[in-house]
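Chemist: Pasting the sequence and the predicted coordinates here, then a few questions.
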Amino acid sequence: MKDLNDLVERFNKGEPSAYKDIFDHYYKDIMYFAWKMLGSKEDAEDLTIQIFSKLFERHTDFNTAPNIKAFLFITIRNACLNFLRNKKYETEMRKKFAEKMESDYRLSLEYTVKSDLLEAVQKAISNLPETYRRIFRLLILEERKPSEVAALLDISLDNVYQQKKRALQMLRMRLDDKALTLTMFSSFIYSFLKKI
Amino acid sequence: MEENEQIGILIYKYVSQEISTEEKVVLEKWIAESEDNKVFFEEAINSEDILKEIIERHKVVSDEDMERAWLKMTNMGLVPGFTKVIKQGWTWWRYPMAAAVLVTVALGSYLFFYRSKPASVDRSLTEVKQADISPGQAKAVLTLSDGRKVVLDSASSQIVAVQGNVSVKNQNGQLVYTGSNNGAEVIYNTLSTAKAQTYATVLADGSKVWLNSASSIRYPVAFVGKERFVEIEGEAYFEVAHNKAKPFKILVNDVQVEVTGTSFNIQAYSDESMIRTTLLEGGVKITSIPSSSGSEKATNLKPGQQAQFRSDKSIAVIDNVDVEQVTAWTSGLFHFKNNDLETIMRQISRWYDVEVAYADNIPNTTYSGKIRRSSNLSQVLAVLESAGLHFKIEDKKVIVTQ
C-alpha cells in the first residue's frame, strides 16, 4: 500500500515521526506473537521493546515493509527461544507453539499469510462508523453476552441483535466495494463473517 | 519469501472458491510436501481459528498497552532523536487541579508531537514545488455563557472553564462536560468550527457530538428541566445517551429533530440544497416548524433512512441510504458515491478553507471514491485529476478547468 511505502521511506531516512508510526504499525503483531510463545504479558512486552530498539538502531538497513516484518518476527522469535532456554515453558501449549516456530519456514508463513489475513479483517472493522464498531467490539472481541451488552448500552436485547445484523451488513457492503484494496481477502472474510 | 506469497495467494483463492484446477494441483502438491504445510493449510482456512486469534489479540494487547510501551521506550532512551526534556519553571495554571493537569498536559503534548503529523503532511514539506494547502485540524472556538471565547485545539489537555457545578475539560480534540447543576437555571455554551476545522464534544448527559467544518452547536451546560434541547448549524454526527425521561431535541434552521434513540448524522449547510438527517441506530422524529400558516409536518425515521428537507418545505424519505458514506467524515474520509463535481468541491472547500471557481462548463459526470481527509489539498486534487479533471491552485482559490 502506498502509505506504508511512504512510511518505510521516512523510517529509512530517520525522520523523527516515523519511529512512532512504525511502532504503531507493528507493535501489536509482534507483542502478540511474543505472548503466544512466552505466555507472559510482561516478558513479552520487555522483549518486544528490545526488538524495536534494535530495529530503530538499524533503520537505514530497511527499504521495504516485508524486510521490516521479517526482521521483527525472526528476531523476536530468536529472543523468545533464548529466553525460554532459561525458563520453563509456561504451558504445554506455549511449548508446542515455540517448537513450531523454531522452523524458519513455518515462522515465515505465520507472519506473511496469517498476519495479512488478520490485518485485513482488522482494517475492515476499524473503518466502520463508531456505533457499529462498538457493537462489534462488545459482542465479538470482548465476547460479552448479548444481555450484558443490552444493559451496558441501555437498549433492548432485540436492538442488540438488530445492531449486530446491521454491523455485519455494513462490513459486507464494505467488502463489496471494489474501490477498497481488501477485495483480495473479501471472499475469505465473507465466509468468516458467516461464523459470527 | 516469494514462494510463501504464492502459496498465500493460492490458499485465498481456494477459500474463495476461485481456484483453478491447475492452481489446485500446485496447492495440493505443496500441502503433501510436509506435515507442517498440511497443518498450516488447515489452520489458515479455519476461519474460526482466525476469529479466535483476533479476539485473543484484542485481549492481550490494547491501545493503552501500546501507548504505555511506547512511553517506556522513550523514557529508556531507546528511540533515536528523542531526548527526554525536563523543563524548568513550568507556568502554573490558574485552575485548582494544577498538579493533575500538569501531568496530563505533559503526556498530552508527548502524544501530540508524535501523532500529530500524518505521513502526507511530512511529504509535502520535502517536496516543495508549489505551496500546498493542509487539511483541516481539530480546532474550534468555545463561547461560554458569559460571552467569553476560548480557542480549543487538540494540543492541550486541561480544564478550560467551570460553569456552575459543571467542569469543562478539553481533552485530545474533545470537549468534555462533567457534572450537573440540578435546580439551577439552564446556561448555554456554543462550540463552533470554522472552515478547515473539526471538533467533538461529550455533553453533560454523556451524549457525544462530532462537528464537521463550518458548523456549530449551542447546548446546555447541564441538562436541567424536562428536555434536552440543542441547536446546530452545519454538519454534526450525534450519539445520544439514552434517557427516556428527557427527550433530546435538536433544532436546525426550522426543522426539529426529536431523538428517541442513538446515532444519526445531520447535514444542514446553507450552500446545500437540503437538510439531510440520516439515522444509523434508534429512532428519530422529524418535525418541520411551520413558518406562519401551514401545518407541521412530522416524519419518523427508521435506521438506514434519510429525511431530506428542501427549501420548499417538502420532505422526502430515502430508504437504504449508504450510512457509511454519510458518516465517512467521522472516520477521517471523504467518501464520494456518484456525486457531482460541485458537491465534491463544496466538501473540499469546507475542509481546506478554499474558494472554488469553475473556468469552464461543469461536466455532467459523477464521481465515486474515497480519499483520506488527512491528505493535503494537492493530493486530493491529484486523485480527482486521475478521473479527468484539471485544477489550478492560486493562493486559497481552486480553479477547475476541463
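Modeler: On my side now, so go ahead.
Chemist: Spatially central, which residue of chain A would that be?
Modeler: A:Asp29 (4.5 Å; C-alpha atoms, centre = their mean).
Chemist: Relative to chain B, how far out is it?
Modeler: 8 Å (C-beta to the nearest C-beta, to the nearest Å). C-beta: built from backbone N, CA, C; applies to glycine.
Chemist: Sticking with that residue, tell me its helix or strand.
Modeler: According to DSSP states H and E, A:Asp29 maps onto helix A:16-38.
Chemist: Let me know the average pLDDT across the helix or strand just after that helix.
Modeler: Later in the chain than helix A:16-38, the nearest helix or strand by DSSP H and E is helix A:41-57. Helix A:41-57 carries an average pLDDT of 94.
Chemist: can you pull the buried residues of helix A:41-57?
Modeler: A:Asp43, A:Ala44, A:Glu45, A:Asp46, A:Leu47, A:Thr48, A:Ile49, A:Gln50, A:Ile51, A:Phe52, A:Leu55, A:Phe56 (16 or more other C-beta atoms under 10 Å in any protein chain shown).
Chemist: ok, the first one to B:Leu381 distance?
Modeler: For A:Asp43, the distance to B:Leu381 equals 50 Å [C-beta to C-beta, to the nearest Å].
Chemist: how far out from the middle of the chain is the helix holding A:Asp29?
Modeler: Here helix A:16-38 shows a centroid-to-chain-centroid distance of 9 Å under the convention C-alpha atoms, centre = their mean, to the nearest Å.
Chemist: can you check stretch B:209-221 too?
Modeler: Computed by C-alpha atoms, centre = their mean, the chain-centroid distance of stretch B:209-221 equals 13 Å.
Chemist: Output it as CSV, nothing but the C-alphas.
Modeler: C-alpha atoms of stretch B:209-221 as CSV (Å, rounded to 0.1, in the frame of the first residue of the first chain):
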residue,chain,number,x,y,z
VAL,B,209,-21.4,15.1,19.1
TRP,B,210,-18.9,15.4,16.3
LEU,B,211,-18.8,18.7,14.5
ASN,B,212,-17.7,18.9,10.9
SER,B,213,-16.2,22.1,9.4
ALA,B,214,-18.1,25.4,9.4
SER,B,215,-20.5,24.1,12.0
SER,B,216,-21.7,25.0,15.4
ILE,B,217,-23.8,23.6,18.2
ARG,B,218,-25.4,25.5,21.0
TYR,B,219,-26.2,23.4,24.0
PRO,B,220,-27.0,23.5,27.8
VAL,B,221,-24.0,23.1,30.0
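Chemist: how about that stretch, does it reach chain A?
Modeler: No - contact of stretch B:209-221 with chain A (C-beta under 8 Å from any C-beta of the partner chain) is absent, the minimum separation being 8.7 Å.
Chemist: same check, this time on stretch B:169-183
Modeler: No - applying C-beta under 8 Å from any C-beta, one finds stretch B:169-183 separated from chain A by no less than 12.7 Å.
Chemist: Quick one: mean pLDDT for that stretch?
Modeler: 83.
Chemist: contacts for it?
Modeler: Here stretch B:169-183 makes contact (C-beta atoms under 8 Å, 6 or more residues apart in numbering or on different chains) with B:104, B:108, B:111, B:138, B:140, B:142, B:152-154, B:156-160, B:163-168, B:187, B:191, B:199-204, B:221-222, B:224.
Chemist: For A:Asp116, see how far away the residue nearest to the centre of chain A is.
Modeler: Distance, A:Asp29 to A:Asp116, by C-beta to C-beta: 11 Å.
Chemist: Can you verify A:Asn67 is assigned to a strand?
Modeler: No - the assignment for A:Asn67, made by DSSP: H, G, I helix; E, B strand; the rest coil, is helix rather than a strand.
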